[in-house]
Structure formats: C-alpha cells, structure tokens
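Enquirer: Using only what follows, build the 3D model:
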Amino acid sequence: MKTTRPWPCYTVTPKAEAALVGGHPWVYEDEITAASDTAPENGSLVDVLSAKGRYLGTGFLSQHSKIRIRLVSRNANDKFDEAFWRRRIEYAWAYRKAVIEPEHWHCCRVIFGEADQFPGLTADRFGDVLVVQILSVGIERIKGMLLPLLADVLRADGQEIRGVYEREDAALREKEGLPLFKGWFGTDGGATQAAITENGVRYTVDFENGQKTGFFLDQKYNRQAVARLARGRRVLDCFTHTGSFALNAAMGGAAHVTAVDVSETAVEMARANAVANGLDDRMDFVCCDVFDLLPRLEKEGSGYDFIILDPPAFTKARKTAQSAMRGYKEINYRAMKLLPRGGYLATASCSHFATEAMFRKMLHSAAVDAGRQLRQIEVRQQAADHPVLWGVEETEYLKFFLFQVV
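Expert: Numbers count the residues shown, from 1 in each chain. Take a look at the predicted model:
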C-alpha cells in the first residue's frame, strides 16, 4: 500500500467505515483488513482508509488493545504539532467557560476524552491542581508535551495552577500495556488535597486516594435539583461517598439527613465535610451496605420522605448489563417501598452500558412490584463539562431521575 502521507495506513471494513463516518472515533482490532508494510511504534499516529482508499482520519495506534485505533482528526491537512494540541486544549477550556458558571471554573472537567477529541484523557480541575488520568498509549506517548500545555493554557487565562497530578492507577491502563502509578507530573506540587466549593458547599478533595480523580464533578447540577426538593424533609442518601448529595440536601434546608456508605473512609470524609460546612447538627452518618440497610429499614420503619440512590457503576461491560439491572431494581424497589405516599426519590446510574431505556424499564418494573406509581419530576444527565458527543455512545453515561412516589 503506497501513500504520500508520512503515516502508515490501515484499511478497515465497511462496518468500521460506517461507524467512523457516523462520528465514532474507534477502530477495533477485527475491523482492520490491511496495513502498510511499515511497522509503526505502539502509540504512534496512523491513517485510516476505507476499502476504496478514501481517507477517514488519523489516530493513535494501540497494539495491545481491542480498540486498535483511536481517531484524533478527520482533517487530512492537520499537523500534529504543539500548536495543534494547544488549540485543542484552548477550545476545550473555552467550551467550559461558555457552558458552566464562573464559580464552577475552579472545579470542573477540563478534558473529557473522546468528547474533546483527546482519546483516553481525563483532566479534572480541583482548585489550583489539575488531576489527569490517561487510558490510551497514544496520549501517554505525548504527555510530556501535552500536560505542560494543559497547565499553560489555563495559566495564560489567569487561572492559578500549582501542578498536574497523575492518577494512573486505573486497571484499564493494563489493557493498553501501560504501568499503574500515581504522582506529580514533573515538579512536586505539594499537598495532595485541594479545597473546592461547589453549589456553596465546601469540600476537601483527596485527589491522591479518592475514587477516580478524587471527586465526582458530573452531578453538580443534579445536586442542585436535590437541594431544591430537600427543604423540610428527612433525607436518606445512599452510597454517599464524600457526602455530596447529602450535604446539598442539608444546605437546601432538609430537616435531617442520613448519609450511608459501605466505606468507613468515605463516611469519615463525608462527616468531616459536614463539620466544615457547619451542617453536622442536622446530619448523621452510617457505615453500612445499602443492600442490607434498606430491607432492615422496611421492617423497622424509617420516617424518611426523600431517598437518594447514587450507586457506583454496577456494570462495566455490555455482557453484564442485564444482571446489573437486578441490583438496580433491588435498591429502587426497596426505596419505593420505604417512601410514604408523596415521598420523593432521586435515582441514578453512571454506567453507559446500563442504557436509559434499560433503566426506565427497570424503574417501571420496580414500581409495579412495589405497588407504587412514579410521577416524574425531571430527567437529567451529566453536567455540561462532561459533554455528550453524538455518535459516541460511551460519552452518554449518566442517568438521573427525580420522582414523586404516589
């Protein structure tokens, strides 16, 4: 296969071509039908061609992953130099400034992987720290250029950034043949905690040891919706993690909030956040498995009239999605049974494999079995700094429903 372009070429199946033309940026291992004679290095750039030789895009090659190529451009004239990547970062940051309020600029997702055309890169800002996670060998290969650029673009906009911290401890890195580690990139930035304020609630984010990058930023506006409904109510927040929904409910004027998590570390962090916000007098904290707690409360009686269910992803693969729905149904069924007539339910799923259609079907089934009817208040998704890119279903992952139970 001959080409005048500087990158090796990979020819793909008509199915792969259709997906790429439709907007999806991935080429799978079994969709490649031919490759150039040149043996490219792992993580290097390659061109993707249709069976008829049509240019479809340029992307990073991953020799160890089933996702063999991740597109970064569909423009045959692009030059992938420092200026190219700086423009991409500037575009991503300008988007955040446009879609979220200035008070949230210091705690937002700056780069959301494929949705920002940075395949496999997550970058979250917590105050004066950027916390990154790299899940593709292509981004890993250029991070020595990319991560300083990321900090430079924000500093050039007047944002104070003391350092970039890498959370490279996700198991998905191993599928790319990448090592697991965490630590400061380049210069040591000091303490591995940062102070943020979201919706008027103050948090201490432990970005070294917390889940993912340290704090879940995608529910910021869903927390506001919960706060609006919480006034005067007795609230049970299940899977509380750092207490974010519970704290928003208390800040919104809830009569009392109980925050539950199976992790003692999470419970202690939530308690500390409550104290820091002066909300601990209207809150209590329970270290318990929610699957055990809800049936027990059903027998004992609870007095809660607002229940929040924000569990971790019950499925991380398409093949286990149906079995995961049984777990979602169990907790939603129990919550519906617990709530009095006119009570409120907030329920979420953060797995894109558990589609909205599947989640709706599960909720309806749980309501029928519980002898309840759901009055929908609103349906929400992740915040706009985690944009959904049409044609890339993996970017559409968070489902959030608010109901009154009647």
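Enquirer: how about residue 57, secondary structure?
Expert: strand (DSSP: H, G, I helix; E, B strand; the rest coil).
Enquirer: This protein: helices as residue ranges?
Expert: Using DSSP state H, the helices assigned to the chain run over residues 14-21, 82-99, 137-156, 220-230, 244-251, 264-276, 290-300, 321-338, 356-370.
Enquirer: outside of the fourth one, which residues touch it?
Expert: Contact with helix 220-230 is made by 104, 198-199, 244-245, 248-254, 257, 306, 308, 344, 346, 348, 377-378, 380, 383, 400, 402, as judged by C-beta atoms under 8 Å, 6 or more residues apart in numbering. Every residue, glycine included, has its C-beta placed from N, CA and C.
Enquirer: What residues of it count as buried?
Expert: Of all the residues in helix 220-230, those buried under the rule 16 or more other C-beta atoms under 10 Å are 220, 221, 222, 223, 224, 225, 226, 227, 229, 230.
Enquirer: Ok, the first one next?
Expert: Under the neighbour-count criterion of 16+ other C-beta under 10 Å, helix 14-21 has 16, 17, 19, 20 buried.
Enquirer: pretty sure the last one is in contact with residue 48, am I right?
Expert: Yes - contact status for residue 20 versus residue 48: in contact at 6.9 Å, counting by C-beta atoms under 8 Å.
Enquirer: joint contacts of these two?
Expert: Shared contacts of residue 20 and residue 48, defined by C-beta under 8 Å, 6+ apart, are found at 12, 27, 56, 57, 71.
Enquirer: Would you reformat those residues as JSON lines and include distance to residue 262, neighbour count and pLDDT?
Expert: Converted to JSON lines, the shared contacts of residue 20 and residue 48 look like this (distance: C-beta to C-beta, whole Å; neighbours: other C-beta atoms under 10 Å; pLDDT from 0 to 100):
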{"residue": "12", "distance to residue 262": "44", "neighbour count": "23", "pLDDT": "97"}
{"residue": "27", "distance to residue 262": "39", "neighbour count": "27", "pLDDT": "98"}
{"residue": "56", "distance to residue 262": "46", "neighbour count": "22", "pLDDT": "98"}
{"residue": "57", "distance to residue 262": "44", "neighbour count": "21", "pLDDT": "98"}
{"residue": "71", "distance to residue 262": "39", "neighbour count": "20", "pLDDT": "98"}
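Enquirer: Of these, which is the nearest to residue 328?
Expert: Using C-beta to C-beta, residue 27 comes nearest to residue 328 of these, at 32.2 Å.
Enquirer: residue contacts, that closest one?
Expert: Contacts for residue 27 (C-beta under 8 Å, 6+ apart) come out as 10, 12, 16, 20, 48, 59, 67, 68, 69, 70, 71.
Enquirer: Mind picking the two most distant members of the buried residues of helix 14-21?
Expert: 17 and 19, at 7.3 Å, using C-beta to C-beta across the buried residues of helix 14-21.
Enquirer: For the nearest residue to residue 137 once chain neighbours are set aside, grab the count of nearby residues.
Expert: Among residues not flanking residue 137 along the chain, residue 43 sits closest, at 3.9 Å (C-beta to C-beta, 6 or more residues apart in numbering). If you count neighbours by other C-beta atoms under 10 Å, residue 43 ends up with 20.
Enquirer: Renumber starting at 30 from here on
Expert: Right, with 30 as the first residue, what we last looked at is residue 72.
Enquirer: low-scoring stretches of this protein, by residue?
Expert: 30-33 (pLDDT under 70).
Enquirer: Distance check, the residue nearest the centre of it against residue 295.
Expert: Taking C-alpha atoms, centre = their mean, the centroid of the chain lies closest to residue 247, which sits 6.2 Å from it. The gap separating residue 247 from residue 295 is 17 Å, by C-beta to C-beta, to the nearest Å.
Enquirer: now swap in residue 366 and tell me
Expert: From residue 366 to residue 295 the distance is 26 Å (C-beta to C-beta).
Enquirer: With neighbour numbers in mind, choose between those two.
Expert: Set residue 366 next to residue 295 and count neighbours by other C-beta under 10 Å: residue 295 wins out with 21 against 17.
Enquirer: any idea how far the residue lying closest to that one once chain neighbours are set aside lies from residue 346?
Expert: The shortest distance from residue 295 to any non-neighbouring residue, by C-beta to C-beta, 6+ apart, is to residue 270 (5.2 Å). The gap separating residue 270 from residue 346 is 22 Å, by C-beta to C-beta.
Enquirer: who's more crowded, the two?
Expert: It is residue 270, of residue 270 and residue 346, that has more neighbours when counted by other C-beta under 10 Å, with 22 against 9.
Enquirer: which phi and psi does the more buried one have?
Expert: Here is the backbone geometry of residue 270 (degrees, to the nearest 10): phi 60, psi -110.
Enquirer: Check whether it really touches residue 297, as I assumed.
Expert: No - counting by C-beta under 8 Å, residue 270 stays clear of residue 297, with 11.8 Å between them.
Enquirer: List the contacts of stretch 67-85.
Expert: 32, 34, 36-43, 46, 49-50, 56, 62, 86-93, 98, 100-101, 103, 105, 109, 165-167, 169-170, 206.
Enquirer: ok, now with 6 Å
Expert: By C-beta atoms under 6 Å, 6 or more residues apart in numbering, the surrounding residues in contact with stretch 67-85 are 34, 36-41, 46, 49, 86-87, 89-90, 92, 98, 105, 166-167, 170.
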